[in-house]
Every structure is written in C-alpha cells, then in structure tokens.
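pasted the sequence and its predicted model underneath.
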Amino acid sequence: MKLQMICAGMAACLLSSHAFARDSIERYSIDAALKSESGVIDSDVGLYFAGQQHPGVAKSFGVFATSKKTNAFGKTDEAACQHVLLSAMRELQARVRKEGGNAVINIKSNYRNVEQESATEFTCGAGAVIAGVALKGEVVTLKK
C-alpha cells in the first residue's frame, strides 16, 4: 500500500511538471552561430538578414518560412540555439535551390509568429530539452 502511494505521488509530480517547464526566449549573435560549426552553411546560396546590403533582385519567388527544433538536453541554451539556427538556415538554402534562386534576403526571426528584424541577432526559444528557431525570408535570384 505504501509503495502504491509513493508511485501515485511520483506520477502526480511527473504529470504536473509540464506546468513548470522552462521556455526562455533570448537573442543571440548570428555571427557567433555561423562560427560555432564551420562548414555547415553552404556558400553557393546567399543569406542576407534584414538590414544587410545585397545586390539587386532580378526575380522573387516569394517569402518562405522555416521552424526548426533541436535537442537541447545537456547543452547550454546558446549552443543549442546556435545549432538550430544553422539548421533553419540550411533549410532556407534548400528552399532556394528548389525554387531555382540564388539567395534569401530580408531574413527575420519569427519565433512564435513575432517578427524580429536584425542583421546581427536572432531569436531562439529554449527549454530544458528542446530549442527552436523560426525564420522567414524572401527567396530570390540576385543580379550578378
């Protein structure tokens, strides 16, 4: 009987722990993220965050969004957020290739549908086990 009460108490704690889940939303350096894992981002597709200068647009394919999550367990929030930013950027690059463009311009953070424009920082949400980044940008062909 005592064992059953202990098990019931533990189950109640586990079920209620969701209410205490951490979800920290922070801004981190794009440059630091790019340097954190060299060779992850391909150089054949240009990535220009909001406010960064780029050549003129020859053709626009529209605005596309990505939302990526990663395992944050055992990692600092910054390390997990850097990793997931790179994953989101690679997904944007894949979209450029699919559409036939050569760049993404005006990239903005769009975590929880809250747009944040910055040429130097991105927004990331991190919890105890998951970190996430959402980006949106315009897929284009830039003039040469």
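Cool, the structure landed.

what's near enough to touch Gly62?
By C-beta atoms under 8 Å, 6 or more residues apart in numbering, the contact set of Gly62 is 138-139. Placement of C-beta: from N, CA and C, glycine included.

can you classify it by secondary structure?
Counting by DSSP: H, G, I helix; E, B strand; the rest coil, the backbone at Gly62 sits in strand.

distance check, it against Lys136.
11 Å (C-beta to C-beta, to the nearest Å).

which neighbours do the two share?
Common neighbours of Gly62 and Lys136 are not found (criterion: C-beta under 8 Å, 6+ apart).

roughly how far apart are Ser36 and Cys81?
In terms of C-beta to C-beta, Ser36 sits 10 Å off from Cys81.

same thing with Lys108?
Where Cys81 is concerned, Lys108 sits at a distance of 16 Å (C-beta to C-beta).

give me the below-cutoff pLDDT ranges for the protein.
1-21 (pLDDT under 70).

mind listing the helices for it?
2-16, 30-36, 77-99 (DSSP state H).

and Val114, what does it touch?
Counted by C-beta under 8 Å, 6+ apart, Val114 has contacts Thr123.

so the closest residue to His83 other than its chain neighbours bridges to which residues?
Computed as C-beta to C-beta, 6 or more residues apart in numbering, the closest residue to His83 that is not its neighbour in sequence is Thr70, at 5.5 Å. Thr70 forms beta bridges with Ala131, as assigned by DSSP bridges.

ok, Thr70 - how many residues close by?
The number of residues packed near Thr70 is 23, by other C-beta atoms under 10 Å.

from Ser87, how far out is it?
6 Å.

more neighbours: Ser36 and Cys81, which one.
Legend: neighbour count by other C-beta under 10 Å for Ser36 and Cys81, higher for Cys81 (28 against 17).

residues in contact with that one?
26, 28, 33, 122, 124, 126, 131, 133.

and the furthest pair within those residues?
Using C-beta to C-beta, the pair of those lying farthest apart is Ala33 and Ala126, separated by 13.4 Å.

that older thread, from the contacts of Cys81, pick the one nearest Gly51.
Closest approach to Gly51 among the contacts of Cys81 (C-beta to C-beta): Phe122, at 12.7 Å.
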